[in-house]
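Visitor: build me a structure from this.
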Amino acid sequence: QGERAIELVQQSVKSNNPFSVAFIDVRMPPGLSGIKAAAEIRKLDKEMEIVLITGFSDVQPEDFDSLIKPVHKTLFMMKPVYPQEIKQFVYSLNEKWKTEKELKAIKLNLEQIVDTRNAELLKLNKELIEDISKRKQIEADLLKTTQELDANRMHLSEAQQISQLGSWEWNIVDNTITWSDETYRIFGIEDKQTEITLDKFKEKIHPEDLAIFEQQTDLVLHNEETYDITFRISLPDKKIKYVRERAKVHRDDDGNPIKMVGSIQDVSVRKQSELEMQKLRNMLSNIISSMPSILIGVNADLTITQWNRAASDYSGCEESEAIGKHLFDLLPQFATLSTLLSEANQTKRTLSELRTTVQTDGNESLFDVIIYPLETEIAEGTVILLNDVTEKSKMDEMFMETEKMLTVGGLAAGIAHEINNPLAG
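Guide: Next up is the predicted model:
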């Protein structure tokens, strides 16, 4: 049943006639479970409304939230359900689905209208310069067009505010800069009549980022046509924002730059997330590198993806050289683990092998081996943990010999005591 549902969704998407709603029972043997079927359907159609139904109390929405995203397009119902209830759900979800499609179409149409209107305005202004004799008629048309432009500007301003994307223009000839309302908001300037020059703009750039901004500006003025950079700005309240700025230069017939137009977007939230993610990656990397045990990550074909400091110390090969190499090319002495690695990948179980004998340059060492299989949405792989227990094994043997000698010594002392007592009597 689950496989058939997936097949139908594939056909509907391919024919550009997608379903709006799918009701799926969590348990519907034989074949895939409802949750797995829903997850596969979500991969095929991100917009479909999915309703999962079950009569079992051991299933909760949080069990599949991470598998079937977005959450707001996935509902959960407990049996019993009634036909009228299902009918109302279908109607409501179908209307929601259709409304979202219509809103997307309206948005696309509005963008096309704005582009069309802007093109018409450029054409109209050109005709005004070329033909002064038609001034009155053009003025009347211009008044109408200006009204439409004001409306478009208002719509554009709202769109910029929603997306936190401002626009600007720099007249290079007279060194004047024009900002959109959203650009003023991004910089925390309430007075939109504030005059902006290049020097004033540079004062708002974080001192550590000013050099790269000036370098990119110099490149685009003399060599390039566009640039795309991210830098920090300082607000009047001393807060710091990350912004992404993209610009294009316009030149005269002689190739001299006359103006630049561009956009600037507040990317502070995204940048902060990137910094936090990088911080976590660095912390995890430091933890792995500081482990005393050898830790190696490999993908499905045993190509090395992770190589900690202990692995470098043992093999003499640095991480930068090891990444991308085949495991047994660098550690041929561990080739006997190939069967264990294959079994771990196939069974998806953690496997271990204690006191594994390894021959290296005529020397024999003992290792405890633990293999952890990994399976992610991106790729499959394995983490290998190797602990050199050679010295520990020797200490254990010495301890056992000592215990044995103590036992024999105690036994001998007892026998001597039994022999000496009669003689003493």
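Visitor: just the strands in this protein please.
Guide: Counting by DSSP state E, the chain has these strands, from start to end: 21-25, 49-54, 74-78, 165-171, 176-179, 226-234, 240-251, 257-266, 294-299, 304-307, 351-360, 363-375, 380-388.
Visitor: check which helices and strands the fifth one sits against.
Guide: What that stands for is strand 176-179. strand 165-171 (3 or more C-beta pairs under 8 Å, 6 or more residues apart in numbering; DSSP states H and E). For glycine as for every other residue, the C-beta is placed from the backbone atoms N, C-alpha and C.
Visitor: which elements pack onto the strand it packs on?
Guide: Using 3+ C-beta pairs under 8 Å, 6+ apart: strand 165-171 touches helix 135-163, strand 176-179, helix 181-186, strand 257-266.
Visitor: that strand pairs with which strands?
Guide: Strand 165-171 has these partner strands in its sheet, going by DSSP bridges: strand 176-179 (antiparallel), strand 257-266 (antiparallel).
Visitor: need those in JSON lines (columns: distance to I138, mean neighbour count and mean pLDDT).
Guide: Shown next, in JSON lines, are the strands paired with strand 165-171 (distance: least, C-beta to C-beta, whole Å; neighbours: other C-beta atoms under 10 Å; pLDDT from 0 to 100):
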{"stretch": "strand 176-179", "distance to I138": "24", "mean neighbour count": "16", "mean pLDDT": "89"}
{"stretch": "strand 257-266", "distance to I138": "25", "mean neighbour count": "18", "mean pLDDT": "90"}
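Visitor: for Y91, which of these is the nearest?
Guide: strand 257-266 (39.6 Å; C-beta to C-beta).
Visitor: so where is the stretch 101-250 of the chain shaky, pLDDT-wise?
Guide: 132-134, 151-164 (pLDDT under 70).
Visitor: tell me what angle the top helix by length along the chain forms with strand 49-54.
Guide: Longest helix in the chain by number of residues (criterion: DSSP state H): helix 83-130. Compare the direction of helix 83-130 with that of strand 49-54 by axes from the mean of the first three to the mean of the last three C-alpha atoms, to 10 degrees and you get 160 degrees.
Visitor: and N125, how far from V173?
Guide: Separation of N125 from V173 (C-beta to C-beta, to the nearest Å): 18 Å.
Visitor: now do A211
Guide: 26 Å.
Visitor: so what's K73 up against?
Guide: 47-50 (C-beta atoms under 8 Å, 6 or more residues apart in numbering).
Visitor: how about the strands of the chain in JSON lines, adding distance to Q112?
Guide: As requested, the strands of the chain are exported to JSON lines (distance: least, C-beta to C-beta, whole Å):
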{"stretch": "strand 21-25", "distance to Q112": "30"}
{"stretch": "strand 49-54", "distance to Q112": "28"}
{"stretch": "strand 74-78", "distance to Q112": "33"}
{"stretch": "strand 165-171", "distance to Q112": "19"}
{"stretch": "strand 176-179", "distance to Q112": "25"}
{"stretch": "strand 226-234", "distance to Q112": "24"}
{"stretch": "strand 240-251", "distance to Q112": "22"}
{"stretch": "strand 257-266", "distance to Q112": "19"}
{"stretch": "strand 294-299", "distance to Q112": "45"}
{"stretch": "strand 304-307", "distance to Q112": "46"}
{"stretch": "strand 351-360", "distance to Q112": "59"}
{"stretch": "strand 363-375", "distance to Q112": "45"}
{"stretch": "strand 380-388", "distance to Q112": "45"}
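Visitor: in the sheet, who's paired with A22?
Guide: I50.
Visitor: pull the number of nearby residues for it.
Guide: 19 (other C-beta atoms under 10 Å).
Visitor: the one 4 residues further on now?
Guide: Summarising burial for V26: neighbours were counted as other C-beta under 10 Å, giving 21.
Visitor: enumerate every residue touching it.
Guide: Counting by C-beta under 8 Å, 6+ apart, V26 has contacts 33-35, 52-54, 56, 59.
Visitor: the residue nearest to A322 when sequence neighbours are not counted and Q137, how far apart?
Guide: Nearest in space to A322, with sequence neighbours left out and distances taken as C-beta to C-beta, 6 or more residues apart in numbering, is W307 at 4.1 Å. Computed as C-beta to C-beta, the W307 to Q137 distance reads 76 Å.
Visitor: more neighbours, the two?
Guide: Higher neighbour count among W307 and Q137: W307, with 26 against 10, using other C-beta under 10 Å.
Visitor: which residue is the nearest non-sequential neighbour of H250?
Guide: K259 (5.0 Å).
Visitor: what's near enough to touch that neighbour?
Guide: So K259 contacts 169-173, 249-250 (C-beta under 8 Å, 6+ apart).
Visitor: buried ones only from these, please, as a ChimeraX command.
Guide: Isolation of the buried members of the contacts of K259 (16 or more other C-beta atoms under 10 Å) is achieved in ChimeraX through the command below:
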select :170,172,249
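Visitor: between the contacts of K259, which sits nearest P373?
Guide: V249 (53.7 Å).
Visitor: please report the distance of the residue nearest to H250 from Q216.
Guide: K259 is 17 Å from Q216, by C-beta to C-beta.
Visitor: same question for I186.
Guide: 19 Å.
Visitor: same thing with S15?
Guide: Distance from S15 to Q216, by C-beta to C-beta: 47 Å.
Visitor: could you give the bridge partners of I196?
Guide: I177.
Visitor: got the contact list for it?
Guide: With C-beta under 8 Å, 6+ apart, I196 has these contacts: 177-179.
Visitor: who has more neighbours, I186 and Q216?
Guide: Remark: of I186 and Q216, I186 carries more neighbours, 23 against 17, as counted by other C-beta under 10 Å.
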